[in-house]
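S.K.: whatever this is, show me its structure:
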Amino acid sequence: MILWGFLNLTRCSRKEVKDSIDMFYDCKCILNKPSSGPEAVEGFCMDNCPSLVFFIMLVFTYQTLSFFCVIPTITATLRVVHGDVRSLAIALQWVMGRLLGTIPGPLLFGKAIDESCGYWQRNSDGSLGNCLHYDHLTLSRNLACLMFFSKGLQITFFAIALKLAIKTQRERMAEDPGLVRSTIW
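M.R.: Reported below is the predicted structural model:
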């Protein structure tokens, strides 16, 4: 049993039938059996994924950083916004988070996964069915790029919010010199 193995399509350039035996030629996935020698079988063969552990660590880090940002974001919103519009600000923040994050996010990740499919199953009506083979390199590249892009976008929006918060605080201090300065820089 291979613990971290994945199914991969057998890649043979041609198949011939000789004496009721299927003969495969120029195959990339060969099973080496000590008792009978090398064999190629029709269908699937196992393929190891050397980047799986790194990928799982990357996804774990991505998810952890995503959840670490929730409470500080709400706290920053409550500190920057005037008291009479705080509930509106939190509601807008929640709606924008859904519109820009949790609604398109799964669609984008699904598209990235579908783009890495190398071989689609054909249904009896000719439509595409399930993906039978994913290109691991393309899949890891697509998902990593999407994760880095979304985190970069998040950092950019946080930087813009920080700059606007500092500007707003300076304007308030200029209008009313008696205000106590907060710790936003």
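S.K.: CA atoms for contacts and neighbours, from now on please.
M.R.: Fine.
S.K.: how many neighbours does residue 85 have?
M.R.: Around residue 85 sit 11 other residues, with neighbours defined as other CA atoms under 10 Å.
S.K.: please, where are all the helices along this protein?
M.R.: Defined through DSSP state H, the helices belonging to the chain, from first to last, are 52-68, 70-80, 86-97, 104-115, 136-175.
S.K.: what lies in contact with the second one?
M.R.: Which is helix 70-80. Helix 70-80 is touched from outside by 86, 89, 90, 165, with contacts defined as CA atoms under 8 Å, 6 or more residues apart in numbering.
S.K.: so how do I select the buried members of the residues you listed in PyMOL?
M.R.: To isolate the buried subset of those in PyMOL, counting by 16 or more other CA atoms under 10 Å, use the following:
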select buried, resi 89+90+165
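S.K.: circling back: nearest to residue 23, of the helices of the chain?
M.R.: Taking CA to CA as the criterion, helix 136-175 is the member of these that comes nearest to residue 23, at 28.1 Å.
S.K.: so what does the closest one touch, helix or strand wise?
M.R.: Identification of packing neighbours for helix 136-175 by 3 or more CA pairs under 8 Å, 6 or more residues apart in numbering; DSSP states H and E yields helix 104-115.
S.K.: if we can go back for a sec, save the helices of the chain as JSON lines, and put in mean pLDDT too.
M.R.: Shown next, in JSON lines, are the helices of the chain (pLDDT from 0 to 100):
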{"stretch": "helix 52-68", "mean pLDDT": "85"}
{"stretch": "helix 70-80", "mean pLDDT": "85"}
{"stretch": "helix 86-97", "mean pLDDT": "92"}
{"stretch": "helix 104-115", "mean pLDDT": "93"}
{"stretch": "helix 136-175", "mean pLDDT": "86"}
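S.K.: for residue 126, find the nearest of those helices.
M.R.: It's helix 104-115; of the helices of the chain, that one is closest to residue 126 (CA to CA) at 18.0 Å.
S.K.: which residues touch the closest one?
M.R.: The contact list for helix 104-115, computed with CA under 8 Å, 6+ apart, reads 131, 139, 142, 143, 146.
S.K.: just the buried residues of the residues you listed.
M.R.: Neighbour-count burial within these applies to 139, 142, 143, 146; the criterion is 16+ other CA under 10 Å.
S.K.: out of everything not next to it in sequence, what's closest to the first one?
M.R.: What it means is residue 139. Excluding its sequence neighbours, the residue lying closest to residue 139 (CA to CA, 6 or more residues apart in numbering) is residue 116, at 5.0 Å.
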